[in-house]
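*Asks:* Quick check, what structure comes out for this input:
(3 chains)
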Amino acid sequence: MEEALVTGLAYAGAGLACTGMGGAAIGVGHVVGNYLSGALRNPSAAAGQTATMFIGIAFAEALGIFSFLVALLLMFAV
Amino acid sequence: MASEAQAEGTGLVFHPMDQFIVKPLFGDGPIHWYTPTNVTLWMFLAIVVITLTLVVGTRGRAVVPSRSQSVAELAYGFVYRMVEDVAGKDGLRYFPYIMTLFMFIVCSNFLGLLPMSFTTTSHIAVTGVMAAAVFLGVTVLGFALHGVSFLKLFWIGAAPLALRPVLAVIEIISYFVRPVSHSIRLAGNMMAGHAVIKVFATFAAVAVISPLSILAITAIYALETLVSFIQAYVFAILTCVYLRDALHPHH
Amino acid sequence: MANQTDSHGAAEAAGMPQLEFSTFPNQIFWLAVALVIIYMILSRIALPRVASVLAERRGVITGDIAAAEDLRRKAEDAEAAYNRALADARAEAARIVAEAKAEIQADLDAAMETADAEIAAKVAESEKAIAGIRASAFGNVETIARSVAAEIVEAMDATSDERVIRDAVSARMGGLGG
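*Replies:* Have a look, this model is predicted:
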């Protein structure tokens, strides 16, 4: 009984952890959207900042990956 | 596995993580450090692909490039420009290392997209070693080039004096989190995408939703193709960023 | 929990193959081998080759641009030479035309001159003839007048000296005979 409870709670925790990926999605969308609006205002400066955009995406995405990792750990490793 | 037990009631059997199991190539014995495993196989396939694109493709050394030679030149120019733009001119000395990492990751990612294949870069052990190598290399390089003044990287001169210790703590933490995020980003992206494809593939067993699931697999596969390249790019560009910090800590 | 439901749970530390630490030495070893091989292939063969090809292409392109520039200059020179030849030919033609014109003019002038001289000679001759005719006419008139005067005097029956008559006639005709 207690085992089942722990299992259930772990899965609930995994599901909750997955909401973090939504935050990462918002973050990535924010980065790219702002890049695009800036790029449309000043297209000549856009090409030089593509790398910076990808770095920003990577940082925003890493946190989403962390939450995904937490979910996986809860499901498989706890 | 937990998922297997869970799925018994519904009739569907989920094995999303089975594709990442390391197995010996020959026989079924224990895995020693020297045992040839599927890791070995797919890493060597990556080497073969790299050799085909960069060595066999350029064997003509033509001034007007053939199609395969253009691919090699494109890859070379892409990484070369990236190193030059991000790490600066003096970062070009380390271009072969970054090219090695980039080509290995990009080839492994794409090979992992083949059905029935094994994605070496989805393993924390693999990406962790690469990220740790980058982290250690960059740190040692920073101290070798600048000595103790490399620590000024954490002491931000532009900030008000009162804030500097706080910022230094944050900077040091973020510096040591670098290899963690560097490795987990790549492995997590690869693992997540492949696991999602596998989950959708399992749903294809149900006749009613199989068209939807096959559509979803196609869509995720396209996304994964993009992600495979972008993650290799991000890994390489972050390596360049860390390298720049080591070469010019006083920015 | 994963281990409890797993049939060989003790052997596998976790449900995630990524966290199965017993495979780590194997993966790390083969990764190191693979990376070293790739680094060797890239730094010994691939990268120098691609770099040399790119450098060669840059050299060829620079050379081609220089050659094209050279050819362009040659073409410009040729055009200039052509234009100069054309101008020379035009000048030559103009000179020949002027020469011919001058020659013709000279011939014409000479012919005109001789013609003028002939005409003048003829005119002079004619004038001399006319003057002779006129002189002889005057002479005749005087003779006639003298003889008429003598006759008239004789008819009026007055003897007169021949000399007087001649003088008188000459005096009267002074204005005419000249």
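*Asks:* Any idea how many residues pack against residue 38?
*Replies:* Went with chain A since none was named. By other Cβ atoms under 10 Å in any protein chain shown, 14 other residues sit near A:G38. The C-beta positions use only the backbone N, C-alpha and C, and glycine is treated the same way.
*Asks:* ah, no, chain B please
*Replies:* As a measure of burial, B:N38 has 16 neighbours, counting by other Cβ under 10 Å.
*Asks:* That one reaches B:K23, doesn't it?
*Replies:* Yes. If you go by Cβ atoms under 8 Å, B:N38 and B:K23 touch, sitting 5.4 Å apart.
*Asks:* what's near enough to touch the residue nearest to A:Q49 when sequence neighbours are not counted?
*Replies:* Nearest residue to A:Q49 in three dimensions, chain neighbours excluded: A:Y35, at 6.9 Å (Cβ to Cβ, 6 or more residues apart in numbering or on different chains). Contacts for A:Y35 were tallied using Cβ atoms under 8 Å, 6 or more residues apart in numbering or on different chains; they are A:46, A:49, A:53, A:56.
*Asks:* just B:P24 next, same as before
*Replies:* Residues near B:P24 by Cβ under 8 Å, 6+ apart: B:31, B:35-37.
*Asks:* Below-threshold pLDDT in the chain: ranges please.
*Replies:* You didn't pick a chain, so chain A it is. For chain A, the stretches with pLDDT under 70 are A:78.
*Asks:* looking at chain B here, not the other one
*Replies:* Using pLDDT under 70, chain B drops low at B:1-11, B:251.
*Asks:* Are the longest helix anywhere in chain C and chain B in contact anywhere?
*Replies:* If you go by DSSP state H, chain C has its longest helix at helix C:47-155. Yes. Using Cβ under 8 Å from any Cβ of the partner chain, helix C:47-155 reaches chain B at C:47, C:49-54, C:56-57, C:60.
*Asks:* near chain C at all, the longest helix along chain B?
*Replies:* Looking across chain B with DSSP H, the single longest helix is helix B:164-203. Yes. Counting by Cβ under 8 Å from any Cβ, chain C has neighbours in helix B:164-203: B:187, B:191.
*Asks:* That helix close to chain A?
*Replies:* Yes. Helix B:164-203 lies within reach of chain A by Cβ under 8 Å from any Cβ, at B:181, B:184-185, B:188-189, B:191-192.
*Asks:* which one of those residues sits closest to chain C?
*Replies:* Nearest to chain C among the residues of helix B:164-203 next to chain A: B:M191, at 6.6 Å, using Cβ to the nearest Cβ.
*Asks:* Relative to C:D88, how far out is the nearest residue to the closest one once chain neighbours are set aside?
*Replies:* Excluding its sequence neighbours, the residue lying closest to B:M191 (Cβ to Cβ, 6+ apart) is B:S122, at 4.4 Å. In this view, B:S122 and C:D88 are 83 Å apart by Cβ to Cβ, to the nearest Å.
*Asks:* what about the two, which has more around it?
*Replies:* Between B:S122 and C:D88, counted using other Cβ under 10 Å, the more crowded position is B:S122 (26 against 10).
*Asks:* OK, contacts around the more buried one?
*Replies:* B:S122 touches B:20, B:112, B:187, B:190-191, B:194, C:18, counting by Cβ under 8 Å, 6+ apart.
*Asks:* which of these are buried?
*Replies:* Using 16 or more other Cβ atoms under 10 Å in any protein chain shown as the burial test, those include B:20, B:112, B:187, B:190-191, B:194, C:18 as buried.
*Asks:* Which two among the residues you listed are spaced furthest apart?
*Replies:* Using Cβ to Cβ, the buried ones among the contacts of B:S122 reach their maximum pairwise distance at B:G112 and C:Q18, which is 13.5 Å.
*Asks:* Name the residues that touch whichever strand or helix holds A:F54?
*Replies:* Element membership of A:F54 [criterion: DSSP states H and E] is helix A:50-72. Helix A:50-72 is contacted from outside by A:13-15, A:17-21, A:23-25, A:27-28, A:30-32, A:35, B:82, B:85-86, B:181, B:184-185, B:188-189, B:191-192, B:230, B:233-234, B:237-238, B:241, C:16, using Cβ under 8 Å, 6+ apart.
*Asks:* after the helix or strand containing B:M82 comes which helix or strand?
*Replies:* Using DSSP H and E, B:M82 sits in helix B:67-87. Heading C-terminal from helix B:67-87, the first helix or strand you meet, by DSSP H and E, is helix B:95-112.
*Asks:* So stretch C:35-42, near chain B or not?
*Replies:* Yes. Stretch C:35-42 comes into contact with chain B (Cβ under 8 Å from any Cβ), by way of C:35, C:37-39, C:41-42.
*Asks:* Any idea which residue of chain B lies closest to chain A?
*Replies:* For chain B, Cβ to the nearest Cβ, closest residue to chain A: B:G188, 3.8 Å.
*Asks:* How about that residue: what's its closest non-neighbour residue?
*Replies:* Distances taken as Cβ to Cβ, 6+ apart place A:I65 nearest to B:G188, at 3.8 Å, with adjacent residues excluded.
*Asks:* From B:P96, how far out is the one you found?
*Replies:* The gap separating A:I65 from B:P96 is 29 Å, by Cβ to Cβ.
*Asks:* and what of C:A131?
*Replies:* C:A131 sits at a distance of 128 Å from B:P96 (criterion: Cβ to Cβ).
*Asks:* One more: C:D64?
*Replies:* C:D64 is 31 Å from B:P96, by Cβ to Cβ.
*Asks:* of these two, who's got more company?
*Replies:* Each of C:D64 and B:P96 has its neighbours counted (other Cβ under 10 Å); B:P96 has more, 20 against 10.
*Asks:* which ones are touching residue 32?
*Replies:* Here I'm looking at chain A. Going by Cβ under 8 Å, 6+ apart, A:V32 touches A:53, A:57.
*Asks:* Wait, chain C was what I had in mind.
*Replies:* Contacts of C:A32 (Cβ under 8 Å, 6+ apart): B:V129.
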